[in-house]
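Novice: compute the structure for the input listed below.
(chains A and B)
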Protein chains: 2
Amino acid sequence: MKRLEKLYEGKAKIIYATEDPDLVIQYFKDDATANDGIKKGTIVDKGVINNQVSTRIFQYLEEKGVATHYVEQLNDREMLVKSLEIIPVEVVFRNVAAGSLCKRLGIEEAKHLDPPIQEFFLKDDPLHDPMINESHIKTFEWATEKEVAFLKASGSKVNQLLEEFFKARGIRLVDFKLEYGRHKGEVLLGDEISPDGCRLWDLETGEKMDKDRFRFNLGSVEEKYQEVYKLVCGEGV
Amino acid sequence: MKRLEKLYEGKAKIIYATEDPDLVIQYFKDDATANDGIKKGTIVDKGVINNQVSTRIFQYLEEKGVATHYVEQLNDREMLVKSLEIIPVEVVFRNVAAGSLCKRLGIEEAKHLDPPIQEFFLKDDPLHDPMINESHIKTFEWATEKEVAFLKASGSKVNQLLEEFFKARGIRLVDFKLEYGRHKGEVLLGDEISPDGCRLWDLETGEKMDKDRFRFNLGSVEEKYQEVYKLVCGEGV
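Specialist: Numbering: from 1, shown residues only, chains lettered A, B, ... in the order given. Down below sits the predicted model:
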């Protein structure tokens, strides 16, 4: 599948058209941003790692009955996916308190959250992705009520599946963000599932293995991405 | 009913014990704060007006089957109410876009919201009353699931009743905040219902008749509170 014109360039990925209007190519960049785009940098080979990690996880989720946009991995940095009309609502699940939750609600980092917390955020960079609720989604018609129910149920299932998946590999799934989109009347899990959008801690030591290392200048950014890659996909890049 | 020791002093009210452990006195001050307490001032006779307005509205809601903490008005500034174990969750309803909603979500002021938007905020001054959702309330046990369902249903009913009430008096109910508490196994509507916690606009001109006049230094603060008082309670203070 050959890539045609660029349809969209985001902070970490580029979307290219293909000859098939139902399929697009998702190209993974090494660019990293944090703090609402104020901090910018590069994580060497992040694009390669996130493509492999996302591929492995999408394959796993598909096996478990979760419909995703994944079609196939084309090469190191490119994934063929179904084209989506993105639902502008990010679905976040939190199993352990970290990040903005701690700041917003005064919760101690690392507190176990039972039941897991589910949040919605509006995908809107100029507004800094504000937190929203189901009432906002309904009134402003960002998704239908049926879609909201689906996002919650699907997200909860994905959370359970990913928690098990990472636990079996020595990783604690702290929290993560999902994006969904519409494709031929069906809602599919889209975007990527990688250390860019998941908080992953070493199950034994609690060490951070995700984009927080870049966000907070903790060092060993590339090393930890590589470690996640090896744990998720097997050996060496 | 004589007032005994001070139990709590908030920004706009003081709560005093009485000889009856099930009853407390709510004393209405003229003090006004805005912008997270950074802006402080006085609105002359606000306490008197808010006590009368709240009394009238609690009586109206009770007539319509809403259980409130209201018992009786004792004098100009004091209301006898049932003692509540406050649920630390503020329930907000919005019929028209204004205030923080516009800023957070980039919505144009005065946009009609259909269906009305319902939001929850955590009552927590040091955290600046952050927005929360049902998942946070459940995980952190700020209220039971049954209570959350009650807050939503009761709040929605109160919204309909108040919209009608104010409309009949030439006032547009833009948005408002409710607080609830537990009393002998029952959840009651508490706090006050006044231009301090409701956005009220003139139905004809759209002129603001509430605490936004103080917040944004719009002038005629006392005059507009008086006007609301007259429209809600009849003539003259």
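Novice: all the helices of chain A, residue numbers only.
Specialist: For chain A, the helices defined by DSSP state H occupy A:46-63, A:100-105, A:134-139, A:145-167, A:212-215, A:221-233.
Novice: what's the angle from the last one to helix A:46-63?
Specialist: With axes from the mean of the first three to the mean of the last three CA atoms, to 10 degrees as the basis, helix A:221-233 and helix A:46-63 are set at 20 degrees to each other.
Novice: coming back round to it: quick one: closest of the helices of chain A to B:T205.
Specialist: Across these, B:T205 has its closest neighbour in helix A:134-139 (25.5 Å, CB to CB). Where you see a C-beta, it was placed from the backbone N, CA and C, and this is true even at glycine.
Novice: what about that closest one, near chain B?
Specialist: Yes - using CB under 8 Å from any CB of the partner chain, a contact is recorded between helix A:134-139 and chain B, made by A:135-136, A:138-139.
Novice: for stretch A:97-107, same thing?
Specialist: Yes - using CB under 8 Å from any CB, stretch A:97-107 reaches chain B at A:104-107.
Novice: so how far is that stretch from its chain's centroid?
Specialist: With CA atoms, centre = their mean, to the nearest Å as the basis, the distance from the averaged C-alpha position of stretch A:97-107 to the chain average is 19 Å.
Novice: show me which positions of that stretch end up buried.
Specialist: Neighbour-count burial for stretch A:97-107 flags A:97-98, A:101, A:104-105, A:107 (criterion: 16 or more other CB atoms under 10 Å in any protein chain shown).
Novice: mind putting the helices of chain A into JSON lines with distance to B:R199?
Specialist: Formatted as JSON lines, the entries for the helices of chain A read as follows, by distance: least, CB to CB, whole Å:
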{"stretch": "helix A:46-63", "distance to B:R199": "45"}
{"stretch": "helix A:100-105", "distance to B:R199": "24"}
{"stretch": "helix A:134-139", "distance to B:R199": "17"}
{"stretch": "helix A:145-167", "distance to B:R199": "27"}
{"stretch": "helix A:212-215", "distance to B:R199": "38"}
{"stretch": "helix A:221-233", "distance to B:R199": "47"}
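Novice: follow-up on the earlier one: from the buried residues of stretch A:97-107, which is closest to chain B?
Specialist: Checking these against chain B with CB to the nearest CB, the nearest one is A:R104 at 4.8 Å.
Novice: which non-adjacent residue is nearest that closest one?
Specialist: If you skip the residues right next to it in sequence, A:R104 has B:P130 as its closest partner in space, 4.8 Å away by CB to CB, 6 or more residues apart in numbering or on different chains.
Novice: for that neighbour, give me the pLDDT.
Specialist: Listed pLDDT for B:P130 reads 97.
Novice: surely it meets B:F121?
Specialist: Yes - applying CB atoms under 8 Å as the test, B:P130 and B:F121 come out as touching, 6.7 Å apart.
Novice: ok, the two, which is more surrounded?
Specialist: B:F121 (18 against 15; other CB atoms under 10 Å in any protein chain shown).
Novice: report the beta-bridge partners for the more buried one.
Specialist: As for beta bridges, B:F121 partners with B:E90, B:M131 under DSSP bridges.
Novice: against B:V96, how distant is it?
Specialist: With distances taken as CB to CB, to the nearest Å, B:F121 is found 18 Å from B:V96.
Novice: who wins for neighbours among the residues of helix A:134-139 next to chain B?
Specialist: Of all the residues of helix A:134-139 next to chain B, A:H136 has the most neighbours under the rule other CB under 10 Å, reaching 23 neighbours.
Novice: tell me the confidence at it?
Specialist: According to the model, A:H136 scores 98 on pLDDT.
Novice: so who does it touch?
Specialist: Residues in contact with A:H136, defined by CB atoms under 8 Å, 6 or more residues apart in numbering or on different chains, are A:122, A:142, B:105, B:117, B:119.
Novice: among the residues you listed, which two are most distant?
Specialist: Maximum distance among the contacts of A:H136 (CB to CB): 15.3 Å, for A:W142 and B:E119.
Novice: which positions in chain A make contact with chain B?
Specialist: Residues of chain A lying near chain B by CB under 8 Å from any CB: A:104-107, A:113-120, A:122, A:124, A:126-127, A:130-133, A:135-136, A:138-140.
Novice: same thing but at 6 Å, please
Specialist: Residues of chain A lying close to chain B by CB under 6 Å from any CB of the partner chain are A:104, A:106, A:113, A:115, A:117-118, A:127, A:130-131, A:133, A:135, A:139.
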